[in-house]
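Asks: Fold the following, please.
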Amino acid sequence: MPIGLLTLTLLSLALVIYGAACLRRAANGLRYVEVPATLTQLQIVDKLDSARSYHKRWYAVEAHYYYEVSGHRYQASRVGWDVRSSWTESPDAAERLAAEIRRRACCFVDPDAPGRALLMVALPKSRRQHYWAITLAGLALAAATGLLWTVRD
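Replies: Below you'll find the model as predicted:
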């Protein structure tokens, strides 16, 4: 068994599992329960992503809030499903997101684990496309690897 084909097979499997798991987690979030939240801190942070985006400037919404479920008070700081869910290239878009979060004054809580909450239950379109691309790249790589396995013999 060639090590290269085995590596490609494992890589394709990892891509498919990761992309599909992220999409499924976001789909499961639609069952989260809306609960009133009190914002203790909401700010827009200027980030410089030098590692991946050629020193591109991003604006991220960061928040700290608390909420109550069944008489228990919880604290959280999660805005969206992943770190980049609240990042944008435009300071105006970040301001709009922050204003929307302030206006809603609620968070979404996992009914099975009330300590798990976030402010944005919907996965932004750009992040959905990102995870679909990862999943499809894994499937394409798996198909190509399958062809290589059959041609090899």
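Asks: What ranges does the chain have for its helices?
Replies: Listed in chain order, the helices of the chain (DSSP state H) span residues 3-28, 91-104, 125-152.
Asks: among those, which is nearest residue 115?
Replies: Shortest distance between residue 115 and the helices of the chain, using C-beta to C-beta, is found for helix 3-28: 16.1 Å. For every residue, glycine as well, the C-beta is placed using N, CA and C.
Asks: Go through the closest one and flag the buried ones.
Replies: Residues 8-9, 12, 15-16, 19-20, 22-23, 26 are the ones in helix 3-28 that count as buried (16 or more other C-beta atoms under 10 Å).
Asks: which of these has the weakest pLDDT?
Replies: Within the set of the buried residues of helix 3-28, pLDDT is lowest for residue 26 (68).
Asks: now the angle from the longest strand along the chain to helix 91-104?
Replies: Counting by DSSP state E, the longest strand found in the chain is strand 33-49. On the basis of axes from the mean of the first three to the mean of the last three C-alpha atoms, to 10 degrees, strand 33-49 is oriented at 160 degrees to helix 91-104.
Asks: for strand 33-49, packing partners?
Replies: In terms of contacts (3 or more C-beta pairs under 8 Å, 6 or more residues apart in numbering; DSSP states H and E), strand 33-49 is packed against strand 56-69, helix 91-104, strand 106-110.
Asks: domain assignment for the protein?
Replies: The chain resolves into domains spanning 1-30+123-153, 33-120 when parsed by automatic domain parsing.
Asks: averaging pLDDT over each of these, which comes out lowest?
Replies: domain 1-30+123-153 (a mean of 77).
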